[in-house]
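[1] After the sequence you'll find the predicted model.
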Amino acid sequence: MSEIPTYTPRSILVTGGNRGIGLAIARAFAEQGDNVAITYRSGEVPEGLLGVKADVTDAASIDAAFTEVEAAHGPVEVLVANAGVTRDTLLMRMSEEDFTSVIDTNLTGAFRVIKRASKGMIKLRRGRIVLISSVVGLYGSPGQINYAASKAGLVGMARSLTRELGSRGITANVVAPGFINTEMTAALPEATQKGYLDSIPAKRFAEADEVAKVVRWIAGPEAGYISGAVIPVDGGLGMGH
């Protein structure tokens, strides 16, 4: 009988990984035996994960976090850029600071962590970069010009990374979730929830682990020839826009 190959754990880093979709992603990798670290700004570190405090708007903070993860788990082989914020309001009420602060966290923050992670990946000649976007970045949403712009920008970032780093064995892909079952969606008025559900062909919200499993797959060996792709996890809401 041939021996079943053993799984070699990888060094994984998920930004904003102590709650919501980020935590589900971190747990999905941990379940398959990977060494998983998360960045967080506040709150508790979930059990079984290495937590490093970091602010994606601060390059020095990011560098220190990576140094800590590298000391514990080795160079980061899979980076999931998930950290994000919203400051929703209509265009005429949106201040420049409302706009730039969201861009700085969601888009420039992703640039900062990717730049730092790429150093180790280039040396290893392998790596997986997964950017967590949103159906809003592809579909648009009133009151979210800042958020939509930041999430749309991740697509151009992943595709440019693919052209720059593809020959080094590094892939860069985007996962774009739609509406997810969270405490926030559960607290919405029933009529609002119905309005959202009516627009989703699947007629339900996604669970966070449905997004997490797609992220885990796109970062795995079966998806080694996929790069620069945008994978919607939205029940058909955006229809691949």
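    That came in fine, so what should we check first?
[2] wait, isn't Pro201 in contact with Pro232?
    No - contact between Pro201 and Pro232 fails when scored by Cβ atoms under 8 Å: they sit 11.7 Å apart. (Each C-beta comes from the backbone N, C-alpha and C, glycine too.)
[3] Same drill for these two, tell me which one is more crowded.
    Pro232 (22 against 9; other Cβ atoms under 10 Å).
[4] quick one: contacts for the more buried one?
    Residues counted as contacts of Pro232 (Cβ atoms under 8 Å, 6 or more residues apart in numbering) are 135, 138, 176-178, 238, 240.
[5] Specify the local secondary structure of it.
    Using DSSP: H, G, I helix; E, B strand; the rest coil, the three-state assignment for Pro232 comes out as strand.
[6] Quick one, which of the contacts of Pro232 are buried?
    Neighbour counting by 16 or more other Cβ atoms under 10 Å classes 135, 138, 176-178, 238 among these as buried.
[7] would JSON lines of the residues you listed with pLDDT, secondary structure and distance to Ile129 be doable?
    As requested, the buried ones among the contacts of Pro232 are exported to JSON lines (pLDDT from 0 to 100; DSSP: H, G, I helix; E, B strand; the rest coil; distance: Cβ to Cβ, whole Å):
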{"residue": "Val135", "pLDDT": "92", "secondary structure": "helix", "distance to Ile129": "20"}
{"residue": "Leu138", "pLDDT": "92", "secondary structure": "helix", "distance to Ile129": "19"}
{"residue": "Ala176", "pLDDT": "96", "secondary structure": "strand", "distance to Ile129": "15"}
{"residue": "Pro177", "pLDDT": "95", "secondary structure": "strand", "distance to Ile129": "17"}
{"residue": "Gly178", "pLDDT": "93", "secondary structure": "coil", "distance to Ile129": "22"}
{"residue": "Gly238", "pLDDT": "87", "secondary structure": "coil", "distance to Ile129": "22"}
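[8] For Met121, see how far away Leu49 is.
    According to Cβ to Cβ, to the nearest Å, Leu49 stands 21 Å off from Met121.
[9] who touches Arg126 in this structure?
    77, 168-170.
[10] Among those residues, name the ones in strands.
    Ile170 (DSSP state E).
[11] Produce a ChimeraX select command limited to the buried residues of the contacts of Arg126.
    To isolate the buried members of the contacts of Arg126 in ChimeraX, using 16+ other Cβ under 10 Å:
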select :77,170
